[in-house]
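1. Need a 3D model of the sequence below.
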Amino acid sequence: MKDERQRALVAITGASGSLYALHVLAQLARLGVEVHGIVSEAGRQVLALETDREPASLAEVAVWHRVTDLAAAPASGSSRYAAMIVVPCSMGTLAAIAGGLSRNLIHRAADVTLKERRPLVLAVRESPVGRIHLANMLAAHDAGAIICPAMPAFYHRPASLDEMAGYFAGRLCELAGFPIPDLARWRGVDNGE
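-> Numbers count the residues shown, from 1 in each chain. Predicted coordinates:
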């Protein structure tokens, strides 16, 4: 087992955006990070609808835990993950995290991540957002989560959906503390001055 600085937890929930999750998993694997994953039931459905993939097909990049297994390693702070990324993060998952509910392993692992003061990155996905969503984002932020809505950038001129998703996934990894050395960077505009 790798030391905690090289261990990450990735959760996939039932919002649209499974392509981002696949890219997060691939980038962490490329960095040599030991990844543990949890997929909600709705996350399984969306993953299959959007990518034709099942968590079992991703076994080469992550150790998967059942979402109903509250005795799994991610349920305890002593398991020592460096960070947790929830991608995509549904509004229901956000609400559970913001409210401190531990109704499944994703919610409990997020609660553990916050109480242990480790990075928790929530790639929230909904549009438009309502007042309840905004209040939950603020509550999660105030508890220590990093709220990173699934809003991809275009200044690096992505040539495909994969490139766009890869860039956003790289940003999520970096926010969680895993630098991506070849990630496109904004270099500013030279105004000739």
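
2. What does the pLDDT read for the residue lying closest to Asn136 once chain neighbours are set aside?
-> Among residues not flanking Asn136 along the chain, Ala98 sits closest, at 4.1 Å (CB to CB, 6 or more residues apart in numbering). C-beta coordinates here come from the backbone N, C-alpha and C atoms, glycine included. pLDDT, Ala98: 98.

3. Ala98 and Pro181, how far apart?
-> According to CB to CB, to the nearest Å, Ala98 and Pro181 sit 33 Å apart.

4. could you show me where the helices are in the chain, in order?
-> For the chain, the helices defined by DSSP state H cover 18-30, 41-51, 91-98, 105-115, 131-142, 161-175.

5. So which of those is nearest His65?
-> Nearest to His65 among the helices of the chain is helix 105-115; the distance by CB to CB comes to 6.0 Å.

6. re earlier: was I right to think the residue nearest to Asn136 contacts His133?
-> No. Using CB atoms under 8 Å, Ala98 makes no contact with His133, being 9.8 Å away.

7. and those two? which has more neighbours close in?
-> Ala98 (22 against 17; other CB atoms under 10 Å).

8. Could you report the separation of that one from Arg171?
-> For Ala98 relative to Arg171 (CB to CB), the value is 22 Å.

9. buried set for stretch 85-92?
-> 85-92 (16 or more other CB atoms under 10 Å).

10. Now those residues in JSON lines, please, with extra columns for pLDDT and distance to Gln27.
-> Output for the buried residues of stretch 85-92, formatted as JSON lines (pLDDT from 0 to 100; distance: CB to CB, whole Å):
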{"residue": "Ile85", "pLDDT": "98", "distance to Gln27": "10"}
{"residue": "Val86", "pLDDT": "98", "distance to Gln27": "16"}
{"residue": "Val87", "pLDDT": "98", "distance to Gln27": "11"}
{"residue": "Pro88", "pLDDT": "98", "distance to Gln27": "16"}
{"residue": "Cys89", "pLDDT": "98", "distance to Gln27": "18"}
{"residue": "Ser90", "pLDDT": "98", "distance to Gln27": "22"}
{"residue": "Met91", "pLDDT": "98", "distance to Gln27": "25"}
{"residue": "Gly92", "pLDDT": "98", "distance to Gln27": "26"}
